[in-house]
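A.B. asks: return atomic coordinates for the entry below.
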Amino acid sequence: MTKKIFIVFSATILLLINTNAQNRKHYYCKYCGYKASSVATLTSSSCSRHPQGAYKGKHVLYEGEEQSHYYCVYCGKKASSISSLTSSSCSRHPDGNYQGRHEPYQGSQKSKYTCKYCGTQASSISSLTSSSCSKHPQGAYKGRHAPAQ
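C.D. replies: Reported below is the predicted structural model:
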C-alpha cells in the first residue's frame, strides 16, 4: 500500500515539474490576441485589428494574466480567448454602439467590480457598464461606468 501511494505521489510531482517547465510566459496583443514569446516580438509587427485600422498600428501588450475566459471592459461579453473576444464589434463601445471592437478587461476576475470614476459596485462587468456614470470624465452621465482594475 505504501509503495502505491509513493508512486502516485512521485508521478504527480514529476507531472507538476514537467508542466511548469512547459508553461513559459506568452505575451498577447490586446487588440487581436496575437501571441508572441517576447514583448519585443509582439510590438514589432502590425496589428490586423488596431483601432486606427487594419495594419495601421503595432500590436499593443495585453497586461492582464492568462485566463480561461476574457471579458470585454466595455460590455462584459465573455470569450475563451482574446482573439475571439476582439473579433466582433461592441454594443457599448465608447466611440458609439458597434463603432469599435470589444477590448479585454486587464484586471483579475472578482466577485464585485467597482467603477473607477464613482465607486459604484456590481457583481459583473456587464451589470456595471450597463448604466451611465454620474462622475464620468466626459461629464455627468455622458459615459458609462468603467471597471477599476
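A.B. asks: from here on, just use CA atoms for contacts and neighbour counts.
C.D. replies: Noted.
A.B. asks: which stretches of the chain have low pLDDT?
C.D. replies: Filtered on pLDDT under 70, the chain yields the residue ranges 1-24.
A.B. asks: and the residue nearest the centre of it, what is it in contact with?
C.D. replies: For the chain, the residue nearest the mean C-alpha position is Pro104 (3.3 Å; CA atoms, centre = their mean). Residues near Pro104 by CA atoms under 8 Å, 6 or more residues apart in numbering: 30, 70-73, 82, 85-86.
A.B. asks: need those in a markdown table (columns: neighbour count and distance to Cys118).
C.D. replies: Listed next are these as a markdown table, based on neighbours: other CA atoms under 10 Å; distance: CA to CA, whole Å:
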| residue | neighbour count | distance to Cys118 |
| --- | --- | --- |
| Lys30 | 26 | 26 |
| Tyr70 | 26 | 24 |
| Tyr71 | 26 | 21 |
| Cys72 | 23 | 20 |
| Val73 | 24 | 16 |
| Ile82 | 28 | 28 |
| Leu85 | 25 | 27 |
| Thr86 | 22 | 27 |
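A.B. asks: ok, the closest residue to the residue nearest to the centre of the chain other than its chain neighbours to Ser44 distance?
C.D. replies: Excluding its sequence neighbours, the residue lying closest to Pro104 (CA to CA, 6 or more residues apart in numbering) is Cys72, at 4.6 Å. To Ser44, Cys72 is 25 Å away according to CA to CA, to the nearest Å.
A.B. asks: for Glu103, same thing?
C.D. replies: In terms of CA to CA, Glu103 sits 21 Å off from Ser44.
A.B. asks: where do the helices sit along this protein?
C.D. replies: 2-22, 39-43, 82-85, 125-128 (DSSP state H).
A.B. asks: got a list of what Tyr105 touches?
C.D. replies: Contacts for Tyr105 (CA under 8 Å, 6+ apart) come out as 64, 70-73, 149.
A.B. asks: ok, Ala36 next?
C.D. replies: Counting by CA under 8 Å, 6+ apart, Ala36 touches 26-28, 42.
A.B. asks: go again with 6 Å.
C.D. replies: Counting by CA atoms under 6 Å, 6 or more residues apart in numbering, Ala36 makes contact with 26-27, 42.
A.B. asks: buried ones among those?
C.D. replies: Neighbour counting by 16 or more other CA atoms under 10 Å classes 27, 42 among the contacts of Ala36 as buried.
A.B. asks: my read: the residue nearest to Pro104 touches Gln106, true?
C.D. replies: No - applying CA atoms under 6 Å as the test, Cys72 and Gln106 come out as separate, 9.2 Å apart.
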